[in-house]
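> generate a structure from the sequence data that follows.
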Amino acid sequence: MSPAKPAVAAAVAFALLAPASQSMLGWGQSAAEFSDAGDRTLRAAGWAFSIWGLIYTGLVAFAVHQWRDRTDAFARVRWPAAAAALGCGLWIVAAGLDARWLTVPIIALSAVAAILAARNARPAAQTSRTHRILALWPLSLLAGWLTIATLVNLLTVLTSEGYVPDGARTGAALAGIAAAVLIAAAVGLAGRLTVYLLPVIWGLAGVAAAAREDGQPTVMAAALLAAGLLALLAAWRFFADRAGAAPAPAGHSAAPR
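A predicted model of the protein is given here:
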């Protein structure tokens, strides 16, 4: 058996156990307490983080699915997926210990690993609906959420460390939103990852809601505009994929997805 299979299972287990153990044993500061120290520049409303329930469920489904799969469909997916899941747990540990700067590379590298895993899962997803639902979609959801979470986390750390003065917070928030749109659009288009865009849109909606609560109309408007642009891109990507998968006329081959 490939060592990558148990590596994925162990990493997913760690990603689940890290926050669970913190909640039950009360060690360190919570993720909410970590964010509260520097969320004055850019933050998402609390309800936005409910997406972790879906992400964790998807990771468990992927871990089981890849373990049972006896083909080489996930040969290039397992290691980056394991790295991404491991990073989720390590971030909880680093945040709990208030190792602020350490959280920045952890979540950024986890996002990169998740994007790579999702991109590598796409070929298998084109051949099997099961692979698409249990591999591509969970990894895409994780990758998308970690993308916007990386930027929010960076601004949180910079703010808590005093590198974002009061007068620069709106500009920094707008820069973070713009970066989220550019990165998400580039990854979504290059990797043809429609589902990847959805958690970014969800996160931007959470940012808009938080900005409204905090009396930041400019940030709210920018987040809503960004979410709308990515929603249009996701819709276009979805219909382009459907057109590419449609049966070709007689004598012609279908365009690859």
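> which residues are in contact with stretch 224-237?
Under the contact criterion C-beta atoms under 8 Å, 6 or more residues apart in numbering, stretch 224-237 has outside partners 177-178, 180-181, 184-185, 188-189, 192-194, 197-198, 200-201, 204-205, 208. All C-beta spots, glycine's among them, are computed from the backbone N, C-alpha and C.
> now do stretch 204-221
Stretch 204-221 is contacted by residues 42-45, 47-49, 148, 152, 170, 173-174, 177, 180, 223-224, 226-227, 230 when judged by C-beta under 8 Å, 6+ apart.
> equivalent analysis for stretch 55-75, please.
In contact with stretch 55-75 (C-beta under 8 Å, 6+ apart) are residues 2, 4-5, 8-9, 12, 15-16, 77-78, 81, 85, 121, 123-124, 127-128, 130-131, 134-135, 137-139, 141-142, 145, 199.
> among those residues, which are located in helices?
Judged by DSSP state H, these include 4-5, 8-9, 12, 15-16, 78, 81, 85, 121, 123-124, 127, 130-131, 137-139, 141-142, 145, 199 as members of helices.
> may I see the ChimeraX selection of the buried members of these?
A single ChimeraX command is used to select the members of the ones in helices among the contacts of stretch 55-75 judged buried by 16 or more other C-beta atoms under 10 Å:
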select :4,5,8,9,12,15,16,78,81,85,121,124,131,137,138,139,141,142,145,199
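> give me the subset of the contacts of stretch 204-221 lying in helices.
Among the contacts of stretch 204-221, the members found in helices (DSSP H) are 148, 152, 170, 173-174, 177, 180, 223-224, 226-227, 230.
> closest one of those residues to residue 22?
Distance to residue 22 across these (C-beta to C-beta) is lowest for residue 152, with 19.8 Å.
> leaving out sequence neighbours, find the closest residue to that closest one.
residue 42 (5.5 Å; C-beta to C-beta, 6 or more residues apart in numbering).
> return the distance of residue 33 relative to residue 47.
18 Å (C-beta to C-beta, to the nearest Å).
> need the nearest residue in space to residue 27, chain neighbours excluded.
Setting aside the residues directly before and after it, residue 27 is nearest to residue 96 in space (C-beta to C-beta, 6+ apart), at 6.3 Å.
> next up, phi/psi of the closest residue in space to residue 12 that isn't next to it in sequence, please.
Nearest-residue entry for residue 12: residue 63, 4.3 Å, with adjacent residues in sequence omitted and distances by C-beta to C-beta, 6+ apart. Dihedral pair for residue 63: phi -60, psi -40, per degrees, to the nearest 10.
> tell me the secondary structure at the residue nearest to residue 92 when sequence neighbours are not counted.
Excluding the flanking residues, the one nearest residue 92 by C-beta to C-beta, 6+ apart is residue 18, at 4.0 Å. Following DSSP: H, G, I helix; E, B strand; the rest coil, the label given to residue 18 is helix.
> count of residues packed around residue 18?
For residue 18, the number of neighbouring residues by other C-beta atoms under 10 Å comes to 19.
> and it, what does it touch?
Here residue 18 is in contact with 88-90, 92-93 (criterion: C-beta under 8 Å, 6+ apart).
> and the gap between residue 230 and residue 181?
From residue 230 to residue 181 the distance is 6 Å (C-beta to C-beta).
> one more: residue 211?
15 Å.
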